[in-house]
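S.K.: Below is the sequence, then the predicted model.
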Amino acid sequence: MKILLLGKDGQLGRELQRSLAPLGIVTAWGRTECDLSQTELQTDSLYAKVVATQPDVIVNAAAYTAVDKAESEGDELAHAINAAAPAILAHAALAMGCRLIHYSTDYVFDGSGTAPWTENAPTHPLNIYGKSKLAGEQSIQNSGCQHLIFRTSWLYAKEGCNFAKTMLRLAVERDSLSVIDDQIGAPTDAAWLADLTAQVISNATTSGTFHATATGEVSWHGYANYLIARARAMGFPIKVSQQAIRAVASEAFPTVAQRPHNSRLDCSKLTATFGHLPRVTPPPWQQGIDQLLEHLKP
């Protein structure tokens, strides 16, 4: 099997390089090999480059994720990477008769209510990032190519920058922390999502959109509390006390882009469709955090 992976240097891209390697020949592109912000999107260059590789599967983990910067600097770059590029990849996949795997986000929803979002719930993104990701989804869905779109949330990995690593650093440095408690989601391990991708590529031919997150739900404050308590028990040199991790509302940390308060995603469709495959059933969010801490512990 020949696999073309875009976004190799991101948190998910690095895990995908690991999980996809046993499946066949993986051609992995990062910004050096294919800069989606540049002229590849203004000409036929990206299309031609993809077709030249003749992949059996295209896996697109490339994304513009600077949520606030998209608001302050305009939507051109976010649209290029999150919307225009997936449209070209879908066009190429259709022409070659190959499969396209793409990743999206809970930010396609407005975060209202408390119920987990299903795949067919009405979309209403609050910010430019969410709008660009939704446009990318729609281009793929409307293209007619065989595709899988995995919507996920609160992604982290052993490598790269993420909330968990930031909280650990601050917990070592500071006497007190303030963390938002009115945004709810499920911290999701990129390693699990990468393993899920490999299993589905190997064993299923289904097309469609699926929600793929860890199970359970927690606020950013609850997430930080759990992370720091477990890190303390594992011997990390934690300075902040648990009592000094203060819960605050989103308004305490104003951002340029509005964030959804309800990032819960209903993954029952994923489990019903692919749950018979190994390493596909979503794990509890705490399990991935424990594994991350095992990797990072001093």
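M.R.: The structure has been received and is ready for your questions.

S.K.: can you give me the helices for the stretch 1-150 of the chain?
M.R.: Taking DSSP state H, counting those that start in this stretch as the criterion, the stretch 1-150 of the chain contains helices spanning 11-20, 45-53, 67-73, 76-79, 85-96, 128-143.

S.K.: To residue 26, which of those helices lies closest?
M.R.: helix 11-20 (5.0 Å; CB to CB). Quick note: C-beta positions are derived from backbone N, CA and C, even for glycine.

S.K.: returning to that earlier point: now tabulate the helices of the stretch 1-150 of the chain in a markdown table and tack on distance to residue 261.
M.R.: Output for the helices of the stretch 1-150 of the chain, formatted as a markdown table (distance: least, CB to CB, whole Å):
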| stretch | distance to residue 261 |
| --- | --- |
| helix 11-20 | 24 |
| helix 45-53 | 36 |
| helix 67-73 | 15 |
| helix 76-79 | 22 |
| helix 85-96 | 27 |
| helix 128-143 | 13 |
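
S.K.: so can I have CSV of those helices showing mean neighbour count and mean pLDDT?
M.R.: Formatted as CSV, the helices of the stretch 1-150 of the chain follow (neighbours: other CB atoms under 10 Å; pLDDT from 0 to 100):
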stretch, mean neighbour count, mean pLDDT
helix 11-20, 23, 97
helix 45-53, 16, 93
helix 67-73, 16, 89
helix 76-79, 19, 91
helix 85-96, 22, 96
helix 128-143, 22, 97
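
S.K.: Figure out which of those helices is closest to residue 226.
M.R.: With CB to CB as the criterion, residue 226 lies closest to helix 11-20 of these, at 19.9 Å.

S.K.: and that closest one, what does it pack onto?
M.R.: Applying 3 or more CB pairs under 8 Å, 6 or more residues apart in numbering; DSSP states H and E, we find helix 11-20 packed against strand 2-6, strand 25-29, strand 155-156, helix 190-203.
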